[in-house]
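1. give me a 3D structure for the following:
(chains A, B, C and D)
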There are 2 protein chains.
Amino acid sequence: MEDFLNRLPGYNLRRASTVILSELTDGLSELELRPSDASMLITIDSNPRITPSELGRILGIQRANMVPMVARLEDRGEIVRIKRDGRSFGLELTQQGSELCNRAKAILLEYEDRFLLRVPAEHREHLLPALRALWDQTSA
Amino acid sequence: MEDFLNRLPGYNLRRASTVILSELTDGLSELELRPSDASMLITIDSNPRITPSELGRILGIQRANMVPMVARLEDRGEIVRIKRDGRSFGLELTQQGSELCNRAKAILLEYEDRFLLRVPAEHREHLLPALRALWDQTSA
DNA sequence: TATTGTTATACTCTATAACTATA
DNA sequence: TATAGTTATAGAGTATAACAATA
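-> The predicted structure is shown next:
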């Protein structure tokens, strides 16, 4: 039907990303988390006392856009701010946030399997390294 | 740094899609086209007199969201509406739209090459079929 | 009854500029 | 000077509900 677009990596990347993100959003909704919230919890968990700016750099989110995201998780009691110096603070998971993080991880792993099973076996192991090379030049 | 996220297809898909779409947006900006505009022109080109509803179904865009997109390309003189029946109309490229479509195609092909070269050779040929399987179940 | 085009609306993601306080 | 946190704002993309006209 539309051969030209179907051969473009960028087009197929966008279509795949939209579908997969939509499913992940559904899957995480039982925890009242969006995919970006889950990625924040997971990154704070393995980088305790990380600053919002550094968190944004790791996740590819502008620090201006981190402000409401951090505030929302703090209001819910999932994370706390710990003063570092006069101009910055570190983030840490609360006990509640840690439990939520683990539940989010379990859901994400479940979806990971489901997604990979959709990919024909001969292409499956190539997906992750190919995607990483596209967005993270330091990975090549 | 963040092993958990880096192993998730969904996370890497979103990161890769964001980076690649951003570059495509830059590349197409010299034609004053966004990626979605280009995909419309290309699909109209190979499906003359396609209705906005059908175009939206092919591209994965709600028909309500097609309205301003079609109007914008029409205002620019890239496409025309051709009456089909009392409630629908088909879209066709004008001569100007056809030339713009060809220029967009050339840019997209140039970027396609650039993106694929970023992927290590052993994974390269697997990217497209893997992505298609993720979003288009009829392709498997 | 189902579909088309349309309007209105809302939420998310992303981006930028500018400000302050501090390093 | 550079960085951190913040505010305000704007542009995209995506989604839903509802309506009139037509099939």
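2. drop to CA atoms for contacts and neighbour counts, all remaining ones
-> OK.
3. can the helix or strand containing A:L91 be found next to chain B?
-> Using DSSP states H and E, A:L91 maps to strand A:88-93. No. Figure legend: strand A:88-93 not in contact with chain B (Cα under 8 Å from any Cα of the partner chain); closest approach 15.6 Å.
4. neighbouring contacts of that strand?
-> A:41, A:44-45, A:48-52, A:78-84 (Cα atoms under 8 Å, 6 or more residues apart in numbering or on different chains).
5. can I get that strand in CSV, CA atoms only?
-> Taking Å, rounded to 0.1, in the frame of the first residue of the first chain, the C-alpha atoms of strand A:88-93 are listed here in CSV:
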residue,chain,number,x,y,z
SER,A,88,20.4,21.9,45.0
PHE,A,89,18.8,18.9,46.6
GLY,A,90,19.0,15.1,46.1
LEU,A,91,16.0,12.8,45.5
GLU,A,92,15.4,9.6,47.4
LEU,A,93,12.6,7.0,47.3
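6. the helix or strand just after it and chain B in contact?
-> Per DSSP H and E, the first helix or strand lying C-terminal to strand A:88-93 is helix A:95-118. Yes. Helix A:95-118 comes into contact with chain B (Cα under 8 Å from any Cα), by way of A:L108, A:L109, A:E112, A:F115, A:L116, A:R118.
7. how about the very next helix or strand once past helix A:95-118 and DNA strand C, any contact?
-> Per DSSP H and E, the first helix or strand lying C-terminal to helix A:95-118 is helix A:121-135. No. Helix A:121-135 does not reach DNA strand C (Cα under 7 Å from any atom of the strand); its nearest approach is 12.2 Å.
8. returning to what we had before: out of the contacts of strand A:88-93, which sit inside strands?
-> Among the contacts of strand A:88-93, the members found in strands (DSSP state E) are A:I79, A:V80, A:R81, A:I82, A:K83, A:R84.
9. restricted to buried residues, select these in ChimeraX.
-> Isolation of the buried members of the ones in strands among the contacts of strand A:88-93 (16 or more other Cα atoms under 10 Å in any protein chain shown) is achieved in ChimeraX through the command below:
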select /A:79,80,81
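10. mind putting the ones in strands among the contacts of strand A:88-93 into TSV with pLDDT and distance to chain B?
-> Listed next are the ones in strands among the contacts of strand A:88-93 as TSV, based on pLDDT from 0 to 100; distance: Cα to the nearest Cα, whole Å:
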residue	pLDDT	distance to chain B
A:I79	98	18
A:V80	98	20
A:R81	98	21
A:I82	98	21
A:K83	96	23
A:R84	96	21
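11. centroid-nearest residue for chain A?
-> Chain A has A:S39 as the residue nearest its centroid, 3.4 Å off, counting by Cα atoms, centre = their mean.
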